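Visitor: I need the structure of the sequence given here:
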Amino acid sequence: MISVQIEKEIRQENKIFGSFTTRQAVVLSAASAFTVIFYLATGISIDGLMYLSLPLGLAAYFLGFYKKNGLYAEYYLIKKLKWFVYHNEKRGYHSKNRYITMFNRAYRKDREQDLSDPNKKKYLRKRQREGHPKRTALKGSL
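Guide: You can find the predicted model right below:
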């Protein structure tokens, strides 16, 4: 029977300022505070400040609002980074085909019985002389 695990609680983020969650409000306030401090410290024009705030706004969007597969940007990037660092292209585990082993064992047992019986041994030699293909074990056994 297939079973699916269901969460007991549905998680809902708390809205603290309009439609913004706590995370979104903190990220937006940090981005705007950084922009204002940079403007006051350097005294560049509003046009120059616009070029600075565009990448800062994109970073704030990805850190505060964007979710991929239910994960915020920094968690997703950490998972991707771990995958690139620890990912191994080689297959770490090789399985053994148990059916081939089982059939080869049965074939070997039948063959030993055939060779122990003189009449069957004679019959097998005759088949070989006539050009019939020889029974062989399955490939892939170790």
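
Visitor: so the residue nearest to the spatial centre of the chain is in which element?
Guide: Against the mean C-alpha coordinate of the chain, by CA atoms, centre = their mean, the closest residue is residue 83 at 8.5 Å. Here residue 83, judged by DSSP states H and E, is contained in helix 73-86.

Visitor: Remind me what that helix packs against, helices and strands.
Guide: Judged by 3 or more CB pairs under 8 Å, 6 or more residues apart in numbering; DSSP states H and E, the packing partners of helix 73-86 are helix 46-64. All C-beta spots, glycine's among them, are computed from the backbone N, C-alpha and C.

Visitor: Return the set of buried residues in the helix it packs on.
Guide: 49, 53, 56, 60, 62-64 (16 or more other CB atoms under 10 Å).

Visitor: Report the angle between it and helix 73-86.
Guide: Orientation check (axes from the mean of the first three to the mean of the last three CA atoms, to 10 degrees): helix 46-64 against helix 73-86 gives 70 degrees.

Visitor: Give me the packing partners of the longest helix along the chain, helices and strands only.
Guide: Counting by DSSP state H, the longest helix found in the chain is helix 22-42. If you count contacts as 3+ CB pairs under 8 Å, 6+ apart, helix 22-42 packs onto strand 15-17, helix 46-64.

Visitor: Report the mean per-residue pLDDT for it.
Guide: Across helix 22-42, the average pLDDT comes to 86.

Visitor: Please apply the same query to stretch 64-73.
Guide: The average pLDDT within stretch 64-73 is 83.

Visitor: Name the residues of it that are buried.
Guide: For stretch 64-73, a neighbour-count test (16+ other CB under 10 Å) marks 64, 72-73 as buried.

Visitor: tell me how far the ends of it are from each other?
Guide: One end of stretch 64-73 sits 8 Å from the other (CA to CA, to the nearest Å).

Visitor: Relative to the whole chain's centre, how far out is the helix or strand bottoming out on mean pLDDT in the chain?
Guide: Scoring the helices and strands of the chain by mean pLDDT, DSSP states H and E places strand 15-17 at the bottom, with a mean of 75. Here strand 15-17 shows a centroid-to-chain-centroid distance of 35 Å under the convention CA atoms, centre = their mean, to the nearest Å.
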